[in-house]
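# what's the 3D shape of this:
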Amino acid sequence: MNSDERSVATPPPPAAGSWLSRPGTIRVLWVVFVVVLAVTVAAELLVHLHPRFRLEGWFAFHAAWGFLSCVVMVLFANLLGVVLRRPDDYYTRRPEWPDGEERRGD
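Residues are numbered from 1 along each chain as shown. Reported below is the predicted structural model:
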């Protein structure tokens, strides 16, 4: 067998997207996150808390507070995005001056 007759092994094509976009990886990450959160909340049973307010003494208060804080931040970010949004051609269109004159250097 000469070198022309040998078949060259070609590597398999790369998977589309990164490893984070694979359904199996996403499922595993969700399970890991849920287990970590459950262990964190369950650890509250083993730790003596020193609450300053009555609400802080409730079971899983800190987890609920963190979740609600995250929801508020996402809603605020969406509202801020609506307020600050600009048209797609915001930087490419030319300004129109009231007197119709084109100015240089602006």
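# max-length helix in this structure?
helix 61-84 (DSSP state H).
# I'd like the average pLDDT over that one.
Here helix 61-84 scores 95 as its mean pLDDT.
# list the buried residues of that helix.
Phe61 (16 or more other C-beta atoms under 10 Å). Heads up, the C-betas are built off the backbone N, CA and C, glycines and all.
# helices and strands around that helix, which ones?
Here helix 61-84 touches helix 23-42, going by 3 or more C-beta pairs under 8 Å, 6 or more residues apart in numbering; DSSP states H and E.
# show me the contact partners of the helix it packs on.
Trp19, Leu20, Ala60, Ala63 (C-beta atoms under 8 Å, 6 or more residues apart in numbering).
# now do the closest residue to the first one other than its chain neighbours against Arg54, distance only.
Nearest non-adjacent residue to Trp19, counting by C-beta to C-beta, 6 or more residues apart in numbering: Thr25, 5.6 Å away. With distances taken as C-beta to C-beta, to the nearest Å, Thr25 is found 42 Å from Arg54.
# please report how far the residue most central in space within the chain lies from Leu55.
The centroid of the chain falls nearest to Val74 when counting by C-alpha atoms, centre = their mean (10.3 Å). Val74 sits 23 Å away from Leu55, going by C-beta to C-beta.
# residues contacting the residue nearest to the centre of the chain?
Counting by C-beta under 8 Å, 6+ apart, there are no residues that Val74 touches.
# equivalent analysis for the one 4 residues further on, please.
In this structure, Asn78 makes contact with no residue, judged by C-beta under 8 Å, 6+ apart.
# make 267 the starting number, not 1.
All set: I'll call the first residue 267, so the last point we hit is now Asn344.
# from Leu334, how far off is it?
As judged by C-beta to C-beta, Asn344 and Leu334 stand 16 Å apart.
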